[in-house]
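[1] Let's see this in three dimensions:
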Amino acid sequence: MSASALAVVVDGHTHITNRMYWERIDPWEPQPFGFDFARASASGVNVVIENVAPYGYGNFDRTPKQTLRLVETALRYLEGHSDRMALALTGADIRAITASGRLAVVLGVESGFDHDGDPDVLRAFYRLGVRAVQFATHTCFNAFADAEIDGPPRWNGVNGRGRELIAEMNQLGLLIDIHYYFECLGRRRERQAGPGGHVLPRPASLRVADRLDGARRRRREPVRGGRSTVHRRGPGGGRHPG
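    This is a model prediction of the structure:
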């Protein structure tokens, strides 16, 4: 079957690298709970967006270090299992890897690549193969955007540094994950996504907004501006173990 004809089945958010790092598991062996590559592949999934997450390393100077450890863990595992999987840097890579019968892995970072928002740190992760970055953080604002789930906004959305990062992400071609965002942050982000940029939330991207306004929403609203597309979906996107 040609690469163009092969169906692409994507799991858009997995977290198995964290378990590899902390628990030393082999995700090509079926696990008693949560996600693993073995069962995903057996079910027909041939692309995963694997997000490393430096949970517990929220200090501004410690987050990049832990993220690097996790990225190295993922890359080392990919290299050791190149007969079954490979890192995908482009859409063409995804097609070529899946056509070869292997699992295509798109590497992402959530919970902050660098809370200070250093563009050189962002560029370095891009060079290492990261292609998706969660812009906000889980439980507190960072130096460039609001994200605190239970607290008031600090920047009223995205500040100047954040807008510069968005422009850099669009220039590099990084997917911007807008999970854990305030609605004001989401509106700012939608306007800032420039031509050719992509802003993609996780399935539960309205969870914070739901908590703020008390609504129980389950909807998907494409918001278009220029050539960028922002997709919002309400909660209920399923568990993201790992």
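
[2] what's the longest helix seen in the chain packed up against?
    In the chain, ranked by residue count with DSSP state H as the criterion, the top helix is helix 63-80. Applying 3 or more Cβ pairs under 8 Å, 6 or more residues apart in numbering; DSSP states H and E, one finds that helix 63-80 makes contact with helix 16-23, strand 47-52, strand 85-87, strand 103-109, helix 119-127. Bear in mind the C-beta positions are built from the backbone N, C-alpha and C, glycine included.

[3] With distance to Ile97 and mean pLDDT added, can I get these in TSV?
    Putting the helices and strands packed on helix 63-80 into TSV (distance: least, Cβ to Cβ, whole Å; pLDDT from 0 to 100) gives the following:
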stretch	distance to Ile97	mean pLDDT
helix 16-23	17	97
strand 47-52	8	96
strand 85-87	5	98
strand 103-109	4	97
helix 119-127	19	97
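
[4] would a markdown table of the ones you listed with mean neighbour count and distance to Pro32 be doable?
    Shown next, in a markdown table, are these (neighbours: other Cβ atoms under 10 Å; distance: least, Cβ to Cβ, whole Å):
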| stretch | mean neighbour count | distance to Pro32 |
| --- | --- | --- |
| helix 16-23 | 18 | 12 |
| strand 47-52 | 25 | 20 |
| strand 85-87 | 21 | 22 |
| strand 103-109 | 24 | 21 |
| helix 119-127 | 16 | 32 |
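
[5] Any chance of these in TSV with distance to Val133 as columns?
    Output for these, formatted as TSV (distance: least, Cβ to Cβ, whole Å):
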stretch	distance to Val133
helix 16-23	15
strand 47-52	9
strand 85-87	16
strand 103-109	5
helix 119-127	7
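
[6] quick one, domains of this protein?
    1-129, 135-199+206-242 (automatic domain parsing).

[7] OK, contacts around Tyr49?
    Not quite, residue 49 is Ile, not Tyr. Ile49 is in contact with 10-14, 106, 108, 132, counting by Cβ atoms under 8 Å, 6 or more residues apart in numbering.

[8] Looking at strand pairing, list the partners for it.
    Counting by DSSP bridges, Ile49 is bridged to Val106.

[9] Would you quantify the distance from it to Ala40?
    Distance of Ile49 to Ala40, given as Cβ to Cβ, to the nearest Å: 12 Å.

[10] which residues do these two both contact?
    Shared contacts of Ile49 and Ala40, defined by Cβ under 8 Å, 6+ apart, comprise 11, 14.

[11] for the helices and strands packed on helix 63-80, which one sits closest to Phe144?
    Evaluated with Cβ to Cβ, the helices and strands packed on helix 63-80 place helix 119-127 nearest to Phe144, the distance being 10.3 Å.
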